[in-house]
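> Sequence first, then the predicted structure, then my questions.
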Amino acid sequence: MPSKVRIALDAMGGDDGAAVVIPGAAISLARHRDTEFLLVGDRAKIEPELERHPQLRAASKIVHTDVAVSGSDKPSQALRRGRKTSSMWLAIDAVKKGEADVAVSAGNTGALMAMSRFHLRTLPSIDRPAISAIWPTKRGSSVVLDLGATLGGDAHHLVSMAVMGAAKASVLFNKKRPTVGLLNIGTEEVKGHEEIREASEILRARNLPELDYIGFVEGDDIGKGAADVVVTEGFSGNIALKTAEGTARQMAELLRNELQRSWLSRLGYLFARPAFQALRDKMDPNKSNGGVLLGLNGIVVKSHGGTSAEGFAYAIDVGYEMAHYDLLNKINQMLNREGGALSSVQAAQEAVS
């Protein structure tokens, strides 16, 4: 474990930039005193926010740039305009140079993925990175990936994500062989796109020691906690994530309206208040904020762009945990154990095809 965890923050990313990033960093610092920050962005916007948080100021260094990646920039545009100058690039560059252990950004997802992949490169046998996050379930939590890093993917990409997700889950959940399911439109083996069926065949044929493949799972199985790891390509994964978050907010609003409908319902709320508070905490999307870009030669965390300071603090916490417990090195060890799990998967795919 490093004595200090150094985190580079893209202070100009997200809907509100430094106004959310700086207080979020202060919240995270209160939970993890062994953190140091590189605050990358416009000094004129960062310093007024830092004045409100003297402890954070003492633990931080500002890296000035007034170039920010726009939320509307395409990945290719972001690379052309913001390469080597933008706050997002410089935060990633700090990881590349070893000046930071983690980079955290609430900025443009496509740009963050493109810059991270271009600058940090991917691990051996990994074609494309994936956004992985912790998903609250009835049984506790599951790792779900990909949540929108890239769209589509062949069988090798799906199997690669299964191995990486299992590696992350084995460390976070302390399980030697996490269960893994492929998200599909049904549990029958004949259903789904050819790539999903092919990935399923490979996982069953290889019987990898890193994971326990349980077959296809459906959308409602994610919340049930049917598998420790749920794997899907980025298009359907992002839709599933946004649907779950929207449903949680909708249910909270509907419940609040019903509890205010009459004096009797308000009285009932007073008696059930602890239970409602526990449910609110369990369903709070802020506490699930922070998606790790798995498959890179470095740790990069993506925060929701419209999150609050508390939500951004949780994204920083994710990066802290990844670095503090050296999860990247442990994931690499699992990926390369016994000659490389993914190398054997590639050979299996060629045999199946």
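Right, received. Where do you want to start? It should be emphasised that the depicted structure is a prediction, and the values quoted were computed from it without experimental measurement. Numbers count the residues shown, from 1 in each chain.
> mind listing the helices for the stretch 251-353 of the chain?
With DSSP state H, counting those that start in this stretch applied, the stretch 251-353 of the chain shows helices at 263-283, 309-324, 327-336, 341-352, listed in chain order.
> least reliable of those going by mean pLDDT?
Among the helices of the stretch 251-353 of the chain, helix 341-352 carries the lowest mean pLDDT, at a mean of 52.
> give the contact list for the residue most central in space within the chain.
Most central in the chain under C-alpha atoms, centre = their mean is Gly291, positioned 1.0 Å from the mean C-alpha point. Residues in contact with Gly291 (C-beta atoms under 8 Å, 6 or more residues apart in numbering) are Ile131, Ser132, Ala133, Leu147, Val301, Lys302, Ser303, Val318. (C-beta placed from N, C-alpha, C; glycine too.)
> try Val143
Ser132, Ala133, Ile134, Trp135, Gly165, Lys168, Ala169, Leu172, Pro178, Asp228, Val229, Val230.
> how would you label it: helix, strand or coil?
strand (DSSP: H, G, I helix; E, B strand; the rest coil).
> Just list whatever residues bridge to it.
Here Val143 sits in beta bridges with Ile134, Val229, going by DSSP bridges.
> How are the strands of the stretch 101-250 of the chain distributed by residue range?
102-105, 130-137, 140-145, 179-183, 212-217, 229-231 (DSSP state E, counting those that start in this stretch).
> Nearest to Leu264, out of the ones you listed?
When these are compared by C-beta to C-beta, strand 130-137 sits nearest Leu264, at 31.1 Å.
> mind saving the C-alpha coords of the closest one as CSV?
Extracted as CSV, the C-alpha positions of strand 130-137 are listed here (Å, rounded to 0.1, in the frame of the first residue of the first chain):
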residue,chain,number,x,y,z
ALA,A,130,-14.6,-0.9,-20.3
ILE,A,131,-16.3,1.2,-17.7
SER,A,132,-17.0,-0.9,-14.7
ALA,A,133,-19.0,0.1,-11.6
ILE,A,134,-20.5,-1.3,-8.4
TRP,A,135,-24.2,-1.9,-8.7
PRO,A,136,-26.3,-2.2,-5.5
THR,A,137,-28.4,-5.4,-5.4
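> Please list all residues in contact with the nearest residue to Ser70 once chain neighbours are set aside.
If you skip the residues right next to it in sequence, Ser70 has Asn108 as its closest partner in space, 7.0 Å away by C-beta to C-beta, 6 or more residues apart in numbering. By C-beta under 8 Å, 6+ apart, Asn108 lies in contact with Gly13, Val69, Ser70, Gly71, Ser72, Asp73, Pro75, Ala78, Met88, Gly305.
> cool, Ala114 as well?
Each residue near Ala114 by C-beta under 8 Å, 6+ apart is listed here: Pro75, Ser76, Ala78, Leu79.
> One more: Ala91?
Ala8, Leu9, Asp10, Leu38, Val40, Ala100, Ala103, Val104, Ser105.
> In CSV: the residues you listed, plus neighbour count.
Output for the contacts of Ala91, formatted as CSV (neighbours: other C-beta atoms under 10 Å):
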residue, neighbour count
Ala8, 28
Leu9, 35
Asp10, 29
Leu38, 21
Val40, 30
Ala100, 27
Ala103, 33
Val104, 30
Ser105, 30
